[in-house]
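coordinates only, sequence not included:
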């Protein structure tokens, strides 16, 4: 649990950026067409929730280069 919290702290700015982009896209979608917004907002939230663990963990087997 402590390791997960450390990863969240390390990527905090990127997670905020992701949240900001999601909110911006939701507002633009809401302004353009409310019926499409009601249909697609679930998809936007779902992809964000599923994308965060992949963003924190990274690609499988990826090891950063050591200098």
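Alright, I've got the coordinates. All values derive from a computational prediction rather than experimental measurement.

please make it C-alpha for all contacts and neighbour counts, starting now.
Fine.

quick check: mean pLDDT across the helix or strand where residue 4 lies?
Following DSSP states H and E, one finds residue 4 within helix 2-10. Averaging pLDDT along helix 2-10 gives 78.

the longest helix along the chain: which residues count as buried?
The longest helix of the chain (DSSP state H) is helix 34-57. Neighbour-count burial for helix 34-57, with 16 or more other CA atoms under 10 Å as criterion, is recorded at 37, 41, 48.

let me know the closest of those residues to residue 1.
residue 48 (21.2 Å; CA to CA).

please report the distance of the residue positioned nearest the centre of the chain from residue 2.
In the chain, the centroid-proximal residue (CA atoms, centre = their mean) is residue 48; its distance is 4.1 Å. Residue 48 sits 23 Å away from residue 2, going by CA to CA, to the nearest Å.

now residue 42
Applying CA to CA to residue 42 and residue 2 gives a distance of 30 Å.

one more: residue 45?
26 Å.

now do the same contact list for residue 29.
For residue 29, the contact set (CA atoms under 8 Å, 6 or more residues apart in numbering) comprises 36, 37.

and what about residue 15, helix, strand or coil?
helix (DSSP: H, G, I helix; E, B strand; the rest coil).

any regions of this structure where pLDDT drops low?
In the predicted model, the chain carries pLDDT under 70 at residues 52-67.

hmm, try it at 80
Along the chain, segments meeting pLDDT under 80 span 1-8, 11, 44-45, 47-67.

ok, back up a step: and the residue nearest to the centre of the chain, what does it touch?
Neighbours of residue 48 in contact, by CA under 8 Å, 6+ apart: 18, 22.

now residue 33: phi and psi?
phi -160, psi 120 (degrees, to the nearest 10).

that one and residue 6: what is the separation?
40 Å.

cool, residue 18 as well?
The gap separating residue 18 from residue 6 is 18 Å, by CA to CA.

those two - which one has more neighbours?
The neighbour comparison of residue 18 against residue 6 (other CA atoms under 10 Å) goes to residue 18, with 15 against 11.
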